[in-house]
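In: fold the following.
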Amino acid sequence: MLVRVQRGTGATAHGLSGAEERVVGLLSSWTGKYHLPGLALVNVNVPEKTAVRQVDGLIFTPAGLMVLEVKGFVRPQPGVLTVPPNGPWTVDGEPAAVHTLTGLTPGDQVKAGVYAAKAALADVNGAKDSFVTGLVVLVPQDRELTLGDTGRAGLGIHVTLATQKDLRGTMHRFNNRTSTWTADTVLAACRVLALDHLAPERAELLAEDFLDQPPAPVPPPVPQPRTTSPPPAPARTASTSTNTWYRSPGLPAKPPPDFVFDPISPPTPAAPQPRPAMLRRSPARPTARPAPAPAMRPERRRRIPWGLLIALTLICTIGITAAILVDEMFAGR
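Out: Below is the predicted model:
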């Protein structure tokens, strides 16, 4: 990785703090078989609308841009560092003893640098839609500090320790993305940021695996026509009919009230037949219809009223007997 440091005023040769010097040493050590491609511009300013924002570093890689924020501890503080949703970062529940000149957390500081870099490079061809993220490197004063839950540092913000293993692993995972930055894009970004004095030669950037030409745009996928198959026809059995209710095991004996027969092949209505022509009769004199013959009633077999005959005989006998008795009574006087 190419490392370029903008000189400043301070106790060290580069005008950097001890924590920043340690990170620069780690980045510069990745050569030979430990080489990681990229360009690190350390201790630079990013122009804003009315001022400039100082950032600890801009790390260009073929996969994107990382805004660097280095934070050293002012005293030894062993424990587990976590990032709460709000408030300062903590180590075992206590505020982290990081060196800061403002009241912002390291996550807020690096996010401000990310937004400033995106705005400054918005007009650079090839950098507008590139991936820009933030990297917070913590430099403790002892080796007993470990990282806990740092996922709330911010979207796209990475937090790591200033060790060879941790910092290199973070950079290696970032470089696994698809290459999008070309050598010309990096040089154009340096010109926009007024960092031409730190920019390397184009051949040096090509040796750092930056692209020579922009990647070819990926054509959008051609939509495939969707084929819809008709719904399968309901299965028919030989023992069932479309006009009868088939009782299967577990079904009620009678069809439900909303049951509708659904014949599979409805009968084809017959074609209408022509009506026969009506013959018009010529006007004629009405003819007298013959009187209907009287209906022949079937002959009934007469039954003899024997009871009535016996009664009449008894009445006649009694009457005659009475008359004789009366006549004899009057004749005797």
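In: any weak-confidence spans in the stretch 151-300 of the chain?
Out: 218, 228-300 (pLDDT under 70).
In: helices of that one, start to end?
Out: For the stretch 151-300 of the chain, the helices defined by DSSP state H, counting those that start in this stretch cover 164-174, 183-192, 202-207.
In: in the second one, what counts as buried?
Out: Read that as helix 183-192. 183, 184, 185, 186, 187, 188, 189, 190, 192 (16 or more other Cβ atoms under 10 Å). To be clear about C-beta, it is placed using only N, CA and C from the backbone, and glycine gets the same treatment.
In: show me where the stretch 101-250 of the chain has its strands.
Out: Taking DSSP state E, counting those that start in this stretch to define them, one finds strands in the stretch 101-250 of the chain at 132-139, 145-147, 157-161.
In: given the longest one, what are its sheet partners and their directions?
Out: Spelled out, it's strand 132-139. Under the criterion DSSP bridges, strand 132-139 sits next to strand 64-72 (parallel), strand 157-161 (parallel) in its sheet.
In: related to what we said a few turns ago, for residue 54, find the nearest of the strands of the stretch 101-250 of the chain.
Out: strand 132-139 (14.6 Å; Cβ to Cβ).
In: got the angle between that closest one and helix 164-174?
Out: Between strand 132-139 and helix 164-174, the angle comes out at 180 degrees (axes from the mean of the first three to the mean of the last three Cα atoms, to 10 degrees).
In: looking at the strands of the stretch 101-250 of the chain, which is buried most?
Out: Highest mean neighbour count of the strands of the stretch 101-250 of the chain: strand 132-139, a mean of 23 (counted as mean count of other Cβ atoms under 10 Å).
In: I'd like to know the average pLDDT value across that strand.
Out: In this model, strand 132-139 has a mean pLDDT of 96.
In: stretch 304-317 too?
Out: Average pLDDT, stretch 304-317: 84.
In: buried residues in that stretch, which are they?
Out: Buried, per 16+ other Cβ under 10 Å, within stretch 304-317: nothing.
In: now it, how far from the chain's geometric center?
Out: 112 Å (Cα atoms, centre = their mean, to the nearest Å).
In: with stretch 16-36 instead?
Out: Averaging C-alpha positions (Cα atoms, centre = their mean) puts stretch 16-36 45 Å from its chain's average.
In: what's the closest non-adjacent residue to residue 47?
Out: Nearest non-adjacent residue to residue 47, counting by Cβ to Cβ, 6 or more residues apart in numbering: residue 120, 5.5 Å away.
In: residues contacting residue 139?
Out: With contact set as Cβ atoms under 8 Å, 6 or more residues apart in numbering, residue 139 has these partners: 18, 19, 22, 23, 70, 71, 72, 73, 161, 162.
In: and the second one, what is it in contact with?
Out: It stands for residue 19. Per Cβ under 8 Å, 6+ apart, neighbours of residue 19: 70, 71, 72, 99, 139, 162.
In: which among the residues you listed gets closest to residue 217?
Out: Residue 217 has its nearest neighbour among the contacts of residue 19 in residue 70, at 37.0 Å by Cβ to Cβ.
In: picking that back up, got CSV for the buried residues of helix 183-192, with distance to residue 3 too?
Out: What follows is the buried residues of helix 183-192, written out as CSV (distance: Cβ to Cβ, whole Å):
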residue, distance to residue 3
183, 17
184, 21
185, 19
186, 14
187, 17
188, 20
189, 17
190, 14
192, 21
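In: nearest to residue 328, of those residues?
Out: Using Cβ to Cβ, residue 185 is the member of the buried residues of helix 183-192 that lies nearest residue 328, at 170.4 Å.
In: surely that closest one meets residue 129?
Out: No - contact criterion Cβ atoms under 8 Å: residue 185 and residue 129 do not qualify, at 11.3 Å.
In: could you dump the strands paired with strand 132-139 to CSV with distance to residue 326?
Out: Formatted as CSV, the strands paired with strand 132-139 follow (distance: least, Cβ to Cβ, whole Å):
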stretch, distance to residue 326
strand 64-72, 159
strand 157-161, 155
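In: which of those sits closest to residue 5?
Out: Of the strands paired with strand 132-139, nearest to residue 5 by Cβ to Cβ is strand 64-72, at 11.9 Å.
In: so after that closest one, what's the next helix or strand?
Out: strand 79-82 (DSSP states H and E).
In: can you list contacts of that next one?
Out: So strand 79-82 is contacted by 89-92, 94, 96, 138, 144-150 (Cβ under 8 Å, 6+ apart).
In: looking at those, which one is closest to residue 323?
Out: Nearest member of these to residue 323, counting by Cβ to Cβ, is residue 149, at 147.2 Å.
In: got the contact list for that closest one?
Out: 82, 83.
In: mind checking how far it is from residue 159?
Out: 10 Å (Cβ to Cβ, to the nearest Å).
In: cool, and residue 114?
Out: 14 Å.
In: before we move on, what about residue 312?
Out: Distance, residue 312 to residue 159, by Cβ to Cβ: 141 Å.
In: could you do residue 214 as well?
Out: 32 Å.
In: ok now the lengthiest helix in the chain, how far from the chain's centre?
Out: Identified as the longest helix of the chain according to DSSP state H is helix 306-331. With Cα atoms, centre = their mean as the basis, helix 306-331 stands 122 Å off its chain's centre.
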